[in-house]
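[1] A predicted structure for the sequence below; I have some questions about it.
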Amino acid sequence: MLYFIGDGPVASSSTMAMLGPGRTKLTPQYVTAFATVLGFPADDLAAMAGVAAATDPRLHRNHAELARLAWNARRLTGDQLSEVLDLARRLR
C-alpha cells in the first residue's frame, strides 16, 4: 500500500515494525506514504514525527479512495479478502 498509493518505499512488515523503536530510519518518503495511506495530510504526520514530508510525491490519482478502501478492508477475513482480490482480477 505504501508503494502503490503513497509513492513510498517497498517495505516488509518487519521493516515497518522497526520504524517504531527507531531501528529503521523514518524518512520523508515514509512519512508521506504513511500519511497518504492513512488518509490525512502529510504535513500533520511530519509535524508529529519531526521529519519533513516528501516533496513532490507521485501519489496514485485515486489515493484518497484507495486509502479508504484499504482502511475498510482491514475488517475482512483472509477468505473474504481473497474473494475481493479474485473479483478485482476478473474485472480488469
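    On my side now, so go ahead.

[2] ranking helices and strands of this structure by mean pLDDT, which lands last?
    helix 2-6 (a mean of 85; mean pLDDT, DSSP states H and E).

[3] can you list contacts of that helix?
    Outside helix 2-6, the residues that touch it by Cβ atoms under 8 Å, 6 or more residues apart in numbering are 8-11, 30, 32-37, 57, 59-60, 63, 66-67, 70. Glycine gets a C-beta too; all of them are placed from N, C-alpha and C.

[4] quick one, which of the residues you listed are buried?
    In terms of neighbour count (16 or more other Cβ atoms under 10 Å), the buried residues within the contacts of helix 2-6 are 8, 11, 30, 32-37, 57, 59, 63, 66-67.

[5] residue 73: neighbour count?
    13 (other Cβ atoms under 10 Å).

[6] quick one: residues contacting it.
    So residue 73 contacts 81, 84 (Cβ under 8 Å, 6+ apart).

[7] let's go with 7 Å and repeat that
    residue 81 (Cβ atoms under 7 Å, 6 or more residues apart in numbering).

[8] tell me the buried residues in the least confident helix or strand of the chain?
    2, 5-6.

[9] residue 20: which of those is nearest?
    residue 2 (15.1 Å; Cβ to Cβ).

[10] pull the longest helix from this protein.
    Criterion DSSP state H: the longest helix present in the chain is helix 78-91.

[11] residues contacting that helix, please?
    73, 76.

[12] go again with 6 Å.
    With Cβ atoms under 6 Å, 6 or more residues apart in numbering as the test, helix 78-91 has no contacts from any other residue.

[13] any idea how far residue 16 lies from residue 62?
    Counting by Cβ to Cβ, to the nearest Å, the gap from residue 16 to residue 62 is 23 Å.

[14] now do residue 66 against residue 75, distance only.
    16 Å.
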